[in-house]
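[1] Requesting a structural model of the entry that follows:
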Amino acid sequence: MKLTRVNRTKEKSEQLQKLEFWKQNLEQMLEMIQTVPPENVRLDSFRSMDLWSGPPGSSRRYPDFRRVHCGSVACLGGWLPFWPYFKALGVTTSPDQDGRPFMKGVTGAINLGDHLTGSYGMFFGADTRRVSHKQQAIRRIKKRLRVVKVEIKALKA
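    Model prediction:
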C-alpha cells in the first residue's frame, strides 16, 4: 500500500516538474516571438539557409535580412536557436536539415516541439490566412500555456 502511494507521489512530482518546464519554455517562446518583426515569421518553413550569412556550419551564422525575398527568415521553431534561453538549453540549428531547430537526444523538429512544450503541433504550419503567421504563433503559444497552467493547478490541488 505504501509503495503505491510513494509511486503516485513520485509520478505526480515528475509530471509537475515536466509541466513547469513546459510553462517556462512557453513563456520564453512568447517573449521571443514578440521581438520578431511579423514579416520575418513564416510558419510554413523553418528557415531558408541561403538567407544566412557567415561560414556554413559556423555558430557565427546570423540572418541576413537584406537577402530576404519572401519576407521571412524562420518559423517559430527556427527562431529558437537565436534566443539565449533556448541556446542555453542546447537548441541549435541543423545545417543538414534546412536549418531546422535541433537538440541533442531529440529526433526531429516536431518531437522538439513536444519536448519543449508538450505539443507536437507547436511547430506546425499556418492554420489560416485570416491573421499573420506571427499572430498565429502567439495564439498557439498562449493556448498551450493556458492548458499547461490549468494542468499545473490541478496537480497542485
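
[2] which residue sits closest to Arg139, ignoring its sequence neighbours?
    Distance criterion CB to CB, 6 or more residues apart in numbering; nearest residue to Arg139, sequence neighbours excluded, is Val131 at 7.6 Å. For every residue, glycine as well, the C-beta is placed using N, CA and C.

[3] Wait, a helix at the one you found?
    No - assessed with DSSP: H, G, I helix; E, B strand; the rest coil, Val131 is coil; it does not lie in a helix.

[4] Would you check how far apart Thr93 and Pro38 are?
    22 Å (CB to CB, to the nearest Å).

[5] what about those two, which has more around it?
    Thr93 (23 against 14; other CB atoms under 10 Å).

[6] Need the residue closest to the centroid of the protein.
    Central residue of the chain (CA atoms, centre = their mean): Gly77, 4.6 Å from the mean position.

[7] tell me the contacts of that residue?
    Applying CB atoms under 8 Å, 6 or more residues apart in numbering to Gly77 gives the contacts Phe46, Arg100, Pro101, Ala109, Leu112, Gly113, Met122, Phe123.

[8] let's see 10 Å
    Counting by CB atoms under 10 Å, 6 or more residues apart in numbering, Gly77 touches 29, 43, 46-47, 86, 91, 99-102, 109-110, 112-113, 116, 122-124, 137.

[9] mind listing the strands for this protein?
    52-53, 62-63, 91-94, 100-103 (DSSP state E).

[10] In this protein, where's the longest helix?
    helix 2-33 (DSSP state H).

[11] for the chain, where's the lowest mean pLDDT among helices and strands?
    The helix or strand of the chain with the poorest confidence is strand 52-53; it has a mean of 48 (mean pLDDT, DSSP states H and E).

[12] residues of stretch 131-140 that come out buried?
    His133, Lys134, Gln136, Ala137, Ile138, Arg140 (16 or more other CB atoms under 10 Å).

[13] With adjacent residues omitted, what lies nearest to the fourth one?
    Put plainly, it is Ala137. Leu76 (4.5 Å).
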